[in-house]
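A.B. asks: Show me how the following folds:
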Amino acid sequence: MGHKEHKHEAPESVRCAVITVSDTRDRERDESGGKIKDMLLEDNHKVVSYEIVRDEVEEIKKALDSIEAEVYILNGGTGISERDVTPEALDNIIENDLPGFGELFRYLSYKDIGSAAILSRAKAGYSDERIYFALPGSTAAVELAMEELILPEIGHLVYEVNK
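C.D. replies: Residues are numbered from 1 along each chain as shown. Next comes the predicted model:
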């Protein structure tokens, strides 16, 4: 079965969790988390959970463990400051990396923001039929990742990890 046939078999709606990783945001000031939720809903996916957790590995892992979803989209904590620990939290959960996501995200970001794109540690992977994305916290970065990479493939990814 080819790529197009697989996409045809993909679910049109998947259960998603949105997790904002931030020490300073709350629901009123979380533009990026809100944007992810809105874009998922506009694309007919289900948002089964929306949480904001602090930049702490254990808090991120606890939130992920407490949510039943097919796709987990985290935003924030992917830079290079000492408090940016989202990739490390996912390293303990993800069994298989999807390196193409981070590579393509940084390439697309480079076209927008130039060499500062190398500061992003955006990543994706899967484990136990669950898919994880770690995005930067900026709203522009979230929109880019969702429009160009995640939404076009989200159903296909879920189909592939469940077959």
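A.B. asks: Residue 68 and residue 49, how far apart?
C.D. replies: According to Cβ to Cβ, to the nearest Å, residue 68 stands 8 Å off from residue 49. Heads up, the C-betas are built off the backbone N, CA and C, glycines and all.
A.B. asks: the more surrounded of these two?
C.D. replies: For the pair residue 68 and residue 49, the greater number of neighbours falls to residue 49 (16 against 9), based on other Cβ atoms under 10 Å.
A.B. asks: ok, the more buried one to residue 66 distance?
C.D. replies: Taking Cβ to Cβ, one finds residue 49 at 8 Å from residue 66.
A.B. asks: What lies in contact with stretch 143-154?
C.D. replies: Contacting residues not belonging to stretch 143-154 are listed as 14, 16, 35-36, 39-40, 43, 45, 71, 73, 101, 104-105, 108-109, 112, 122, 131, 133, 135 [Cβ atoms under 8 Å, 6 or more residues apart in numbering].
A.B. asks: Break down this protein into its helices, ranges please.
C.D. replies: Residue ranges of the helices in the chain, as given by DSSP state H, are 3-9, 31-42, 57-65, 86-91, 99-113, 139-145, 151-162.
A.B. asks: Can you give me the buried ones in the third one?
C.D. replies: Okay, so that is helix 57-65. Within helix 57-65, the residues scored as buried using 16 or more other Cβ atoms under 10 Å are 57, 59, 60, 61, 63, 64.
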